[in-house]
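> Predicted model and sequence follow; I will ask about them next.
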Amino acid sequence: FSSDAGNNASVSAGRAHDSQRDAGATVSTSVSMASGTGIFDIRNNIWDKELLEFLKIGDENLPTVLENDKDTFGLNKKYSARWPKLRDTKFFLAIGDGAGNNIGANCVSENKAALMIGTSGAMRVAFEGEVPKNIPEGLWCYRIDRRRIIIGGAISDGGGLYGWLKKNFRLKKNDDKTEARIEKREADQHRITFLPFLAGERSTGYHEFAEGAILGLKHAHNKIDIVQAALESVAYRFAEIFEQLKSVLDIREIIASGGALRESPIWTQIICDVLSQNISLPESREASSRGVVLLAAEYAGCGDDIAEIPTPEGIRFFSNKENHEIYIQARKRHEDFYTRLVS
C-alpha cells in the first residue's frame, strides 16, 4: 500500500511507479504484479471482490489490470525530461522476479522445475494452462501473464546462511578447501540436526518467527560438520517444497541457478542426492534479467515463444542412490526436530 492517510490509500501492485503516471492519468499494472498482492483472483484474472469487501478497498484504490499482456506505456513528462533518449521508447509492465527467473532458466513447462539459491532460495514451476484445482497449503501461486502461471515455494536462508557460516567460522569467502573436505565425507556423516531458520521460515510452514537450531553437537564435532549439516538442512527444506509440487505436477527435470550454487558445486550435489533427482546448472547468469528480455522479445514479436527456447548448456549433476537412502533417514530426524521445535 501507499498512503497519505485514510481513504487516500492505494494499492501499488507494481504499477510502473511514477514513471507511468501523469496527473489524472490511469495507473495500470500487469496481471503478474497484481497476482502477487494476495488480493487478486488468479483463476479469473480480476481483483478478488470478496477480499476487497472484507478489506474495505474500493476500485478507486486499485490500479487497472491490463487486458492485453502485450500493451506498452511510455514515460510521463517528468521522466521523459530526465531520460530524453528514452522519450519515445515503449515499455512493457513488470512481471515478478521469480517469473523472470523461471523464464531465464528456460523452465516454462509443467515438467520442469527451477531451483534457485541466491541469498534466499526458491523452487518454482511455470507453465501455460489453468491454475491447479488444489494448491498445496505450503506453496504459493501467481501469474506470469494471462496465459501462464507459476507455482512454488521459497526459503529465507540460502546463500545468506552459507555466508553467515563462513563469516562466523572464519572460512574464506571462496574456500575450495571447505568444499573439498565436505565432498570427501559421507552423507550425514556428522549426525547433527540443523534447522536453517536464521531468518525465519517461509515455505512450507510459514513460521516467520522460527529460529535456527542445532541438535546433537559433541566435543568431536568441528566447524566442517556444522557447515555440512547446514547445507544438507537447506536441501531438506527444498525436499518438502519438491514433494508438494510433485503432488500436483509431473516434474521430470530440475534446472538450477543462482550465485550460491555456482560457487558451491557440492551444495548442488547434496540437493541432487536429497531429492533423488538429476540437476542441470546452466552457465548463463542473471536468469531473471535474461527472462525479462526473452518475454519482452516474445511480446514484441521478435523472439520465439519462451517455452520453445532451449536450456543453455551447463554442468549436469547426477543423483547418488546410496546417499539418497542415507538422507531419507536424516530427513526424518530433521522433520522430527522441526515438528517439536517449530510447528
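Structure received.

> Now do the contacts for V292.
I95, G100, I103, G104 (CB atoms under 8 Å, 6 or more residues apart in numbering). No exception for glycine: its C-beta is placed from N, CA and C like everyone else's.

> at 6 Å instead, please
G100 (CB atoms under 6 Å, 6 or more residues apart in numbering).

> can you start the count at 53 instead of 1 from here on
Let's use 53 as the start, then, which means that last one is V344.

> looking at this, it is in a helix?
Yes: under the criterion used here (DSSP: H, G, I helix; E, B strand; the rest coil), V344 sits inside a helix.

> got the residue ranges for the helices in the stretch 103-252 of the chain?
129-134, 149-156, 211-220, 228-235 (DSSP state H, counting those that start in this stretch).

> Tell me the buried residues in the second one?
This means helix 149-156. The neighbour-count check on helix 149-156 (16 or more other CB atoms under 10 Å) flags G150, A151, G152, N153, N154, I155, G156 as buried.

> got it, and the third one?
Along helix 211-220, the positions that meet the burial threshold by neighbour count (16+ other CB under 10 Å) are G211, G212, L213, Y214, L217, K218.

> And the last one, by the same measure?
The neighbour-count check on helix 228-235 (16+ other CB under 10 Å) flags T230, E231, I234 as buried.

> so which of the buried residues of helix 211-220 comes closest to C354?
Distance to C354, by CB to CB, is smallest for G211 among the buried residues of helix 211-220, at 34.7 Å.

> ok, G311 - contacts?
Contacts of G311 by CB under 6 Å, 6+ apart are G170.

> In TSV: the buried residues of helix 149-156, plus pLDDT and distance to D140.
Shown next, in TSV, are the buried residues of helix 149-156 (pLDDT from 0 to 100; distance: CB to CB, whole Å):
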residue	pLDDT	distance to D140
G150	95	31
A151	96	27
G152	95	25
N153	94	30
N154	95	31
I155	95	27
G156	92	28
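
> re earlier: export the helices of the stretch 103-252 of the chain to JSON lines and append columns for distance to Q280.
Shown next, in JSON lines, are these (distance: least, CB to CB, whole Å):
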{"stretch": "helix 129-134", "distance to Q280": "50"}
{"stretch": "helix 149-156", "distance to Q280": "27"}
{"stretch": "helix 211-220", "distance to Q280": "10"}
{"stretch": "helix 228-235", "distance to Q280": "5"}
